[in-house]
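Novice: next come a sequence and a model predicted from it.
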Amino acid sequence: MTDPAFTGDAPADLEQVMDRIVALAHTNGFAKEGRVSVADVMAAIGERSFGPLLLVPSLIGLSPVGAIPGIPAVTSAVVILVAAQILMGFEHFWIPGWLARRSIDAHKLERGLNALKPGARFVDKFLLRPRLPLLTRGPFFYLIAALCLIVGLVTPIIELVPLAGIVPNAALVAFALAITARDGLWALLAFLFTAASAWLIAMGM
């Protein structure tokens with residue numbers, strides 16, 4: 001079985017992921033419906049690109065678009081499904097029809113992700129490179145998937161506190177960057193964000 005983290009023409013860094021989705025949103029913005037569905041995003045990224053498929057919903061959750069009612073539930077559902085299928089050994093990502101049809105306004109998505117692109121360029125140029133790849137492979141890859149599953153499950157709860165959703169979404173972005181770019185330092189950073197998410201939950205109980 002091929003390494004599920006890294007496949008064919010999958011985006012290799014943060015800006016490449018964002019460019020694909022921004023281009024999709026721009027194109028769909030001129031279509032009659034003017035929306036981008038979960039299925040559209042899957043097609044743009046690739047059904048075997050598990051790192052980017054985890055990265056996109058967490059980026060949307062971290063962007064201004066994440067404040068739109070209902071969006072956190074959709075992004076969390078995608079993260080949970082992707083992570084669960086990694087743990088079950090799937091080589092192709094699958095989502096049910098009801099989730100595939102969920103969509104967002106294309107112009108809002110384009111604006112929200114464009115707002116993050118300067119930061120993405122900085123991350124790609126100065127902060128993202130193959131380091132400690134062992135932390136993104138084998139058992140660690142599945143540990144990352146398990147933690148993404150847990151964070152995805154608790155994020156809707158944390159989102160009830162204003163701005164608190166930034167921390168778990170940052171953890172998901174860091175995990176996804178780690179396995180997209182084979183950068184173990186981002187995995188270590190994600191572990192810290194996950195611990196912070198656990199602390200937020202404990203403080204809220």
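Specialist: Noted; the coordinates are in hand.
Novice: when you work out contacts or count neighbours from here on, use the C-alpha atoms and nothing else.
Specialist: OK.
Novice: what packs against the helix or strand of the chain with the lowest mean pLDDT?
Specialist: Within the chain, no helix or strand scores below helix 184-204, which has a mean of 81 by mean pLDDT, DSSP states H and E. On a contact count with 3 or more C-alpha pairs under 8 Å, 6 or more residues apart in numbering; DSSP states H and E, helix 184-204 meets helix 138-158, helix 166-181.
Novice: export those as JSON lines, with columns for distance to K125.
Specialist: Formatted as JSON lines, the entries for the helices and strands packed on helix 184-204 read as follows, by distance: least, C-alpha to C-alpha, whole Å:
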{"stretch": "helix 138-158", "distance to K125": "24"}
{"stretch": "helix 166-181", "distance to K125": "12"}
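Novice: could you look over the ones you listed and pick the most buried one?
Specialist: For the helices and strands packed on helix 184-204, ranked by mean neighbour count under the definition mean count of other C-alpha atoms under 10 Å, the leader is helix 166-181 at a mean of 28.
Novice: contacts for it?
Specialist: 5-6, 11-14, 51-52, 54-55, 58-59, 61-62, 128-130, 136-137, 141, 144, 148, 151, 155, 183-187, 189-194, 196-197 (C-alpha atoms under 8 Å, 6 or more residues apart in numbering).
Novice: that helix to helix 184-204, inter-axis angle?
Specialist: For helix 166-181 and helix 184-204, the angle between their directions (axes from the mean of the first three to the mean of the last three C-alpha atoms, to 10 degrees) works out to 160 degrees.
Novice: okay, helix 166-181 in CSV with CA atoms only?
Specialist: Taking only C-alpha atoms (Å, rounded to 0.1, in the frame of the first residue of the first chain), the coordinates of helix 166-181 have been written out as CSV:
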residue,chain,number,x,y,z
ILE,A,166,-8.9,29.5,16.8
VAL,A,167,-6.8,27.2,19.0
PRO,A,168,-8.2,23.8,17.8
ASN,A,169,-8.3,25.0,14.2
ALA,A,170,-4.7,26.1,14.5
ALA,A,171,-3.9,22.6,15.8
LEU,A,172,-5.5,21.0,12.8
VAL,A,173,-3.7,23.4,10.4
ALA,A,174,-0.4,22.5,12.0
PHE,A,175,-1.1,18.7,11.9
ALA,A,176,-2.2,19.0,8.2
LEU,A,177,0.9,21.0,7.3
ALA,A,178,3.1,18.5,9.0
ILE,A,179,1.9,15.6,6.9
THR,A,180,1.5,17.7,3.7
ALA,A,181,5.2,18.9,3.8
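Novice: thank you kindly, that will do.
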